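Colleague: Fold the following, please.
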Amino acid sequence: MKIAIIGGTGGQGLGIAVRFVQTGEDVIIGSRTMEKAQAAVDKVKDLLTDVGNLKAALNPDAAKEADILVLTVPLAAQRATLLSIKEGAAGKILMDATGPLETAIGGLPTRCLYLPEGAAAERAQKIVPETRVICAFNNISSGALMNFTEPIDCDCLISGDDLESKKTVSRLIEKIPGVQVVDCGPLERAQIIEKITPLLIGLNIKKTCKDAGIRITGIDPECKL
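Modeller: All right, here's what the predicted structure looks like:
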């Protein structure tokens, strides 16, 4: 499985790249510039000893080459980034980790922005209608992802309209030690999942930690999807 982390040069994208490299997947870190993409690859190489399955690429090239995509960009960059990869993403699965957070100058990442489409993932589906969008990775912090020598004590809540795509990404995500995937239903449930992100960020700030997560209890592991 070849995975492209689109806009993968920030903390979350870098952490997801590290974790998937550790599971033995082929990973492409994409960016708007090759310089940033290569710098991210070099950071991963500094952290891990075996990174033969890792490369850098421009976002459109990464999307064309990969089997599955993960979008890890700020909300302000979501639309432009999706339009740049629209051709390469057609017919593929795209995990959207975009959070509708108030992160502009003077804004607070503990607040959600209202989107007319409902959720950032729903907006993504409208921008790239030929791509199967799954809301995923919104509630796993970059701190937990980058603490790569330890399992992640957190569920990954996902939502999407295509069941087979959700099964595919669930198998992939659960290769990351400690993570369990919980299917929360259709893509519109992303409106709820995405709002957990600012809550966790607020808890990280209040409790002076960096990897607050969430677990859904009382669910039979065989009935998560």
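
Colleague: which sections of this protein are below the confidence cut-off?
Modeller: Within the chain, the stretches with pLDDT under 70 are 102-110, 221-225.

Colleague: and D211, what is it in contact with?
Modeller: 141, 143-144, 147, 152-154, 204 (Cβ atoms under 8 Å, 6 or more residues apart in numbering). Every residue, glycine included, has its C-beta placed from N, CA and C.

Colleague: can we see that at 7 Å?
Modeller: Listed by Cβ atoms under 7 Å, 6 or more residues apart in numbering, the contact set of D211 reads 141, 143-144, 147.

Colleague: same check, this time on R215
Modeller: Per Cβ under 7 Å, 6+ apart, neighbours of R215: 154-155.

Colleague: still on that earlier bit, with respect to L199, which of the contacts of D211 is nearest?
Modeller: S141 (11.7 Å; Cβ to Cβ).

Colleague: For C154, see how far away the residue nearest to the closest one when sequence neighbours are not counted is.
Modeller: Nearest residue to S141, sequence neighbours excluded (Cβ to Cβ, 6 or more residues apart in numbering): D211, at 5.1 Å. Using Cβ to Cβ, to the nearest Å, D211 is found at 8 Å from C154.

Colleague: any common contacting residues for these two?
Modeller: Joint contacts of D211 and C154 (Cβ under 7 Å, 6+ apart) are A144.

Colleague: Just the buried positions in stretch 184-194, please.
Modeller: 184, 187, 189-191, 193-194 (16 or more other Cβ atoms under 10 Å).

Colleague: Distance from the chain centre to it, please.
Modeller: 14 Å (Cα atoms, centre = their mean, to the nearest Å).

Colleague: show me the contacts for Q180.
Modeller: 155, 174.

Colleague: how close does it sit to I152?
Modeller: In terms of Cβ to Cβ, Q180 sits 10 Å off from I152.

Colleague: K207 now?
Modeller: For K207 relative to I152 (Cβ to Cβ), the value is 17 Å.

Colleague: Ok, G178 next?
Modeller: 4 Å.

Colleague: Pick out whichever of these two has more residues nearby.
Modeller: Higher neighbour count among G178 and I152: I152, with 21 against 13, using other Cβ atoms under 10 Å.

Colleague: For K45, the count of nearby residues, please.
Modeller: Neighbour count of K45, defined by other Cβ under 10 Å: 13.

Colleague: Where does it fall, secondary structure wise?
Modeller: helix 34-47 (DSSP states H and E).
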